[in-house]
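Asker: Structure for the following, please:
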Amino acid sequence: MLQLSVSNLLFTIINLVVFYLLLKKFLIKPVTNIMEKREKMIADGLNNASAAQEEAAQMKQEYTAALAGAKEESVKIVEKAQTQAKAEYDRIVAEADEKAGSLLDSAKSNIQLEQEQTKKALQSEIAGLAMAAATKIVSEKTENQGNQGIYNQFLEEVGDAHEDPDND
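Answerer: Take a look at the predicted model:
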């Protein structure tokens, strides 16, 4: 049976106290230290994570601002390119108009010059034909009249016609 004696009870209490001290020294303290280290490591990890998250948020804001700036700059570049293209287009159109105008003026002057040359050529040809006709007429009439009078009359008529170009 169970006997309860003071020496037994005292011995059990001493055993329990020694057991408690041993457990405290070899088990509870190392486990507590490990728990504290883990707790500190977790707290540091959380602090690092929130610092990284804040840094990421800041970088995102910087990226968003840079992207907005890049968009604004690209819009400005496109507008500038459009302005330059329009100015170049206007310049090219003005040059083309100017060249077309000068070509048109040149063509008009060439046409007028050719008309004048053609008129002169036709007048010369008409004069030549008239001379040939007059020669035939004169040769026929010389038989009937004196040569000198016919030639003088012909030259007066041809000279009047040649000096007055309005009688086309």
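Asker: Just the element for residue 17, please.
Answerer: If you go by DSSP states H and E, residue 17 is part of helix 6-23.
Asker: Against which helices or strands is that helix packed?
Answerer: The criterion is 3 or more C-beta pairs under 8 Å, 6 or more residues apart in numbering; DSSP states H and E, and there are no helices or strands that helix 6-23 contacts. The way it works is simple: take the backbone N, C-alpha and C, and place the C-beta from them, glycine included.
Asker: how about the helices in this protein?
Answerer: 6-23, 29-142, 147-163 (DSSP state H).
Asker: May I see those helices arranged in CSV, with mean neighbour count and mean pLDDT as well?
Answerer: CSV is the format used below for the helices of the chain (neighbours: other C-beta atoms under 10 Å; pLDDT from 0 to 100):
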stretch, mean neighbour count, mean pLDDT
helix 6-23, 10, 92
helix 29-142, 11, 89
helix 147-163, 12, 67
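Asker: now the helix holding residue 17 and helix 29-142, what's the angle there?
Answerer: Counting by axes from the mean of the first three to the mean of the last three C-alpha atoms, to 10 degrees, helix 6-23 points 20 degrees away from the direction of helix 29-142.
Asker: From residue 110, how far out is residue 154?
Answerer: Distance check for residue 154 against residue 110: by C-beta to C-beta, to the nearest Å, it reads 37 Å.
Asker: for residue 120, same thing?
Answerer: 16 Å.
Asker: middle-most residue in the protein, spatially?
Answerer: residue 81 (4.8 Å; C-alpha atoms, centre = their mean).
Asker: Distance of that residue relative to residue 33?
Answerer: From residue 81 over to residue 33 (counting by C-beta to C-beta), the distance is 69 Å.
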